[in-house]
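*Asks:* how would this look folded up:
(one chain, ligands or ions: 1)
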Amino acid sequence: MTTITRRAITTIAIAATTAGGAATAVAHGDMPASTSPTPSTMAKAGKATKANITVSKAVVRMVPPGSANTAAYMNIRSKGMPDRLLRASVPKSFAMKTELHRSMMVDGQMKMVQQKSIAIPRNGTRVLKMGSFHLMIMGLTGNLVAGKRIRITLTFQKAGRVMVSAPIMEM
Ligand SMILES: [Cu+2]
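*Replies:* Below is the predicted model:
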């Protein structure tokens with residue numbers, strides 16, 4: 001277990017510091033794609049509501065066999081008060097840990113920065129998407145199966161825990 005985690009972190013560290021476009025993005029698991037999920041597949045995406053928070057379009061990105069990491073995307077809407085996503089987790093049987101990340105272009109390269117939290121604006125929506133904010137799911141314990149649903153537990157400062165069932169999707 002420790003070995004997997006360490007390897008995953010090393011991969012991320014390299015991805016964040018080396019030049020190398022495509023290879024960097026693959027290691028990261030958050031490479032922007034030219035195509036978007038079709039409406040029919042998005043309809044099956046995860047949704048959950050608790051207090052002022054509504055999570056929708058939650059998906060886990062399909063990655064090639066042997067990949068150490070993947071990413072999860074979703075829309076998080078606050079009706080009223082602003083809130084803050086403090087952490088996220090997935091079952092240990094699926095992956096070792098989940099971090100809050102943000103990808104951004106720095107000097108022409110896509111890099112990512114771990115976030116302590118992600119602000120959800122008042123009466124607004126924070127979109128977690130490729131090339132932007134996302135959940136980084138690290139240390140996958142096995143190969144992913146498209147269509148399988150993963151339970152993601154989100155912890156918010158005000159709304160507390162919100163659980164959403166997100167399908168693994170090609171995208
Ligand atoms: Cu990331």
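
*Asks:* When you work out contacts or count neighbours from here on, use the C-alpha atoms and nothing else.
*Replies:* Fine.

*Asks:* residues from the protein in reach of the ion?
*Replies:* Proximity of the chain to the ion (C-alpha under 5 Å from the ion) is limited to residues H101, M136.

*Asks:* residues near the nearest residue to D83 once chain neighbours are set aside, how many?
*Replies:* What sits nearest to D83 in space, not counting adjacent residues and going by C-alpha to C-alpha, 6 or more residues apart in numbering, is I120, at 5.0 Å. Close neighbours of I120, defined as other C-alpha atoms under 10 Å, add up to 21.

*Asks:* who's in contact with I120?
*Replies:* I76, R77, S78, P82, D83, R84, L85, R126 (C-alpha atoms under 8 Å, 6 or more residues apart in numbering).

*Asks:* And the closest residue to the fourth one other than its chain neighbours, how close does it get to the ion?
*Replies:* For P82, ignoring the flanking residues on the chain, the nearest one in space by C-alpha to C-alpha, 6+ apart is R122 at 4.0 Å. For R122, the distance to the ion (C-alpha to the ion, to the nearest Å) stands at 25 Å.

*Asks:* Report how many residues lie close to R122.
*Replies:* R122 has 14 neighbouring residues, counting by other C-alpha under 10 Å.

*Asks:* Okay, strands next: where are they in this structure?
*Replies:* Assigned by DSSP state E, the strands in the chain fall at 46-50, 53-61, 69-78, 83-89, 95-106, 109-114, 118-120, 125-128, 133-140, 149-156, 160-169.

*Asks:* Let me know the outermost residue of this protein.
*Replies:* G80 (24.3 Å; C-alpha atoms, centre = their mean).

*Asks:* Let me see the confidence value for that one.
*Replies:* According to the prediction, G80 has pLDDT 90.

*Asks:* That one against T54, yeah?
*Replies:* No: under the criterion of C-alpha atoms under 8 Å, G80 makes no contact with T54, lying 11.3 Å away.

*Asks:* circling back to that earlier point, which residues does the residue nearest to P82 contact?
*Replies:* By C-alpha under 8 Å, 6+ apart, the neighbours of R122 are S78, K79, G80, M81, P82, D83.

*Asks:* Around the closest residue to I168 other than its chain neighbours, how many other residues sit close by?
*Replies:* Leaving aside its chain neighbours, I168 sits nearest to V60 (4.5 Å; criterion: C-alpha to C-alpha, 6+ apart). Using other C-alpha under 10 Å, V60 is surrounded by 29 other residues.

*Asks:* cool, and R77?
*Replies:* Neighbour count of R77, defined by other C-alpha under 10 Å: 22.

*Asks:* any idea how far the spatially closest residue to it that is not a sequence neighbour lies from D107?
*Replies:* Closest residue to R77 apart from its sequence neighbours, by C-alpha to C-alpha, 6+ apart: T125 at 4.1 Å. Distance, T125 to D107, using C-alpha to C-alpha, to the nearest Å: 28 Å.
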